[in-house]
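> okay, here's the prediction I keep looking at, along with the sequence it came from:
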Amino acid sequence: MENLVHFDIAAVIMLLVMLMTNIFSKRAKNTAGHIYVLLVGVTMVAALFNVFTVALENIGTDNVVLHNIVRTIYLLFHNTATPLFVMYIISLTRTWHKFKTNPHIGIILMIPYFVVVGIIVSNPFTNIVFTLENGALVKTTFADSLYFFATFYVLLGFVYIIMYRRTLRIGAILVLCSSIPLGIVAVFVKHFFPRSLVEIFSNAVVLMIISMTIQNPEKNVDTITNLRKYRAYVTDIKTDFTNNNHHKLILINIANYDSLRSLLGYDYTNELLKNIANKLSDCNKTNNARSELYYLDRGKFRIVVNGYNASKAEKLAADINEALKHMIEINRIEVTIDAFVCLAKLPEDIGDYKSLMAFGNDFHERVEKTGEVYLASELFKQRDFHLMNDMENIIEKAFKNRSFTVYYQPIYSIEKKRFVSAEALLRLIDDEYGFIPPNLFIPVAEKTGAIHRIGDIVLENVCQFIAGEDFKRLGLDYIEINLSVVQCMQRGLADNILSTIKRYGISPDKINLEITETAANYSQNILIENMTKLINAGVSFSLDDFGTGYSNMARLASLPLKIVKLDKTFVDNSNKPKLHIFLKGTIKMLKDMDMEIVVEGIETEQMVNTFSNLNCDFIQGYYYSKPIPEPDFVKFIENARTSA
Ligand code: C2E
Ligand code: MG
Ligand code: MG
């Protein structure tokens, strides 16, 4: 009776399609990707030669040599697929380095395969697997033991999946395990329809599922650069940290990406990215570094140099740095890319995933210029990153332990020649990290929403201070309180503030709220609504940090502000002739608009004089005092009174 080869023919077609799409489409160029293609190829050859075997039998030729060649090739390829499948799983779990440290384990695990190859290759002389009778194949002694070896590798694969399940996505585990039910189905089919050769077909189905899921280029490969995507990078890096896989990482950030994008537009930016990706791939090839290349987004490229090739990372980084110095011509525009290159040894330099992501995001802002390969060991300050990673907890702890304190920095009136007000500035002193500047914890608090509770603490403290005896004795006009952008965007802000003021029974004109231009940028409507309500009740407003953003004069004029605070950057540059003229004009304009002017960050007497001459109203800065705790502030003002 003839065997049916339909399933094998179908398998050959399926595998051929997979092979073609994998070779010609944007597949993942990493170890797992390479092994996958090999696996498809090997399975396809096995299917093809199985078809040949059956064809020879059907023709009924008694050419023994031909029979032997065809059958031997089939068996060799078919039995290579299972160990390859295990290698594919090892690549997915990124654990090859385990075999580097324990090479004997790898060798021991390969022994069954070598035995199988030995048995198959010796068959033409020994006939221990099959023999030919009247042009038909007959199984002999070892024919079934080949299944035993195959089962060994399949089991090994599953043990491996279980051992390293934490490094695989749940979807990947399910897909890899789908070969079990499919294998069982194949066994059943073969049992009931012994002439149907469904074995390879079921393997092909598994490979196709893998191709559509784990190896799916859409999920893993960036269509513009042809490099692996952010998602793949995240998985790989996390896996490497979990497995304690030591490797080197080259980080490339294009600092002027945003400006290049607005200059070149969408299509040409893509062309530029493609061009850069090609340069990286070329460097990788010439260095024979076999590294994995990723494009994350917004001009950020990453290269993982693994295993035996890690020693090539320094040279590769240097070459990339050199290659990216050259201008690139895009649409007849010569563009220079500000590429910052950094080399990190992982996990020695940076020990965890979160810190690495935070570091990679802005390491280029820690250095001054492009042109050299920076070392993460020098740039990465463990403490800063621990601090930033821990910030949410630190903030929560501060609420619990009541360790937020409000400090006051006195503000001097040039006209009245005395201190008339103060700015409330929040301080956070953590028992582990010590003093944490507001510039670090406020942005985090804004993201988590903790800023609202922080705002309440500051307002309560200030109101309590104003309601107290000390404040009355000092004769101060008001206290300035900083409002964050997030607070300004809140509908209930005005009611909330007014109810606190009322609760303490203080006059609303003792409070001045500082907003920034960014706040005005966000939600003009809600901001104006809040401002109007508060101003009608008697609260006044200052515009903080004037001159740091893109000062929009029209908007400035439209806001009901009492005070404008010139930022320290103005102060620091006031001796530059052109800036001095600009400053003079700005101050005149603000005065004509009936606004009062506070100058911030004044540290010297000379500066005091400069700004007095420029007709400013108030001075705030270290020259008089740093922000100090409430009792010290009270003493400071009292002393200033008596010595005046
Ligand atoms: P800001 O409102 O512009 O506050 C002025 C900053 O300049 C303060 O920094 C102050 O200590 C510092 N400063 C004052 N005089 C001098 C000087 O002469 N030289 C120098 N080098 N610096 C001077 P600080 O306290 O670190 O606060 C930084 C920023 O954090 C503040 O900038 C403000 O935007 C924010 N912030 C502080 N407290 C609060 C708060 O309670 N709520 C909100 N939302 N933000 C706050
Ligand atoms: Mg301020
Ligand atoms: Mg300021």
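Nice, I can see it. Ligands and ions are numbered 1, 2, ... in the order given.

> start and end of stretch 511-527, how far apart?
Distance between the two ends of stretch 511-527: 17 Å, counting by CA to CA, to the nearest Å.

> what lies in contact with it?
For stretch 511-527, contacts defined as CB atoms under 8 Å, 6 or more residues apart in numbering pick out 421, 423, 462-463, 466, 478-485, 488-491, 497, 501, 534, 539-546, 548-552, 555-556, 559, 562-563, 565. From N, CA and C alone the C-beta is placed, and that goes for glycine too.

> quick one: average confidence on it?
For stretch 511-527, mean pLDDT rounds to 85.

> in it, what counts as buried?
511-517, 519-520, 523, 526-527 (16 or more other CB atoms under 10 Å).

> near ligand 3, which residues of the protein?
Taking CB under 5 Å from the ion as the criterion, the neighbours of ligand 3 within the chain are 544-545, 600.

> of those residues, closest to Arg165?
Asp545 (51.1 Å; CB to CB).

> find the nearest non-adjacent residue to that closest one, please.
Asp567 (4.6 Å; CB to CB, 6 or more residues apart in numbering).

> contact partners for the residue in the stretch 201-350 of the chain that ligand 3 sits nearest to?
Taking CB to the ion, ligand 3 has its nearest neighbour within the stretch 201-350 of the chain at Asp258, 25.8 Å off. Contacts for Asp258 (CB under 8 Å, 6+ apart) come out as 298-299.

> please determine how far it is located from Lys300.
Applying CB to CB, to the nearest Å, the value for Asp258 to Lys300 is 12 Å.

> neighbours of the residue of the stretch 301-450 of the chain found nearest ligand 3, how many?
Going by CB to the ion, ligand 3 is nearest to Glu423 of the stretch 301-450 of the chain, at 8.3 Å. Glu423: 22 surrounding residues under other CB atoms under 10 Å.

> so it, which state does it fall into?
strand (DSSP: H, G, I helix; E, B strand; the rest coil).

> the residue nearest to Asp544 when sequence neighbours are not counted: what secondary structure?
Distances taken as CB to CB, 6+ apart place Glu514 nearest to Asp544, at 4.2 Å, with adjacent residues excluded. Counting by three-state DSSP, the backbone at Glu514 sits in strand.

> okay, and the beta partners of Glu514?
Taking DSSP bridges as the rule, Glu514 bridges to Asn482, Ser542.

> and it, how far from Leu440?
19 Å.

> ok, the nearest residue to His6 once chain neighbours are set aside - contacts?
Once flanking residues are discounted, His6 sits nearest to Ser196: 7.8 Å by CB to CB, 6+ apart. Shown in contact with Ser196 (CB under 8 Å, 6+ apart): 3-4, 6-7, 189-190.

> pretty sure the residue of the stretch 301-450 of the chain closest to ligand 3 sits against Ile411.
Yes. The pair Glu423 and Ile411 qualifies as a contact (CB atoms under 8 Å) at a distance of 6.5 Å.

> now do the shared contacts for these two.
Counting by CB under 8 Å, 6+ apart, the residues touching both Glu423 and Ile411 are 480, 620.

> before we move on, what SS does the residue of the stretch 201-350 of the chain closest to ligand 3 have?
Under three-state DSSP, Asp258 comes out as helix.

> please renumber so the chain begins at 39
In the new count, where the first residue is 39, that last one comes out as Asp296.

> for ligand 1, see how far away the most centrally placed residue in the chain is.
By CA atoms, centre = their mean, the chain has its centre lying nearest to Met395, at 4.5 Å. Distance, Met395 to ligand 1, using CB to the nearest ligand atom, to the nearest Å: 25 Å.

> Three-state assignment for that residue, please.
Met395 is classified as helix under three-state DSSP.

> for stretch 278-287, which residues meet the burial criterion?
278-279, 281, 283, 285-287.

> end-to-end on it?
Span of stretch 278-287 from end to end, CA to CA: 11 Å.

> for that stretch, what does the pLDDT average out to?
92.

> low-confidence stretches in the protein?
For the chain, applying pLDDT under 70 flags the ranges 39-40, 64-66, 587-589.

> can you give me the buried ones in whatever helix or strand Ile564 lives in?
Ile564 belongs to helix 562-575 when assigned by DSSP states H and E. Within helix 562-575, the residues that count as buried by 16+ other CB under 10 Å are 564-565, 568-569, 572-573, 575.

> same list, those residues, but as JSON lines with distance to Gly623 please.
What follows is these, written out as JSON lines (distance: CB to CB, whole Å):
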{"residue": "Ile564", "distance to Gly623": "32"}
{"residue": "Leu565", "distance to Gly623": "27"}
{"residue": "Asn568", "distance to Gly623": "31"}
{"residue": "Met569", "distance to Gly623": "27"}
{"residue": "Leu572", "distance to Gly623": "31"}
{"residue": "Ile573", "distance to Gly623": "28"}
{"residue": "Ala575", "distance to Gly623": "34"}
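
> all helices of the stretch 439-588 of the chain, in order?
476-486, 489-505, 507-512, 523-526, 531-541, 555-560, 562-575 (DSSP state H, counting those that start in this stretch).

> hey, which of the ones you listed is tucked in deepest?
Counting by mean count of other CB atoms under 10 Å, helix 523-526 has the highest mean neighbour count of those, with a mean of 20.

> report all helices and strands that that one contacts.
The elements that helix 523-526 packs onto, with contact taken as 3 or more CB pairs under 8 Å, 6 or more residues apart in numbering; DSSP states H and E, are helix 489-505, helix 555-560, helix 562-575.

> near Leu362, how many residues? Count them for me, please.
23.

> narrow the contacts of stretch 549-565 to those that are buried.
Going by neighbour count (16+ other CB under 10 Å), the contacts of stretch 549-565 have 459, 461, 500-501, 504, 516-523, 526, 528, 535, 539, 572, 577-584, 594, 597, 600-601, 603 buried.

> helices of the stretch 289-438 of the chain, residue ranges please.
295-324, 351-361, 391-400, 414-417, 420-439.

> can you put those helices in TSV and add distance to Asn117?
Shown next, in TSV, are the helices of the stretch 289-438 of the chain (distance: least, CB to CB, whole Å):
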stretch	distance to Asn117
helix 295-324	33
helix 351-361	38
helix 391-400	39
helix 414-417	45
helix 420-439	49
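
> for ligand 2, which of these is the nearest?
Among the helices of the stretch 289-438 of the chain, helix 420-439 sits nearest to ligand 2 (CB to the ion), with 19.7 Å.
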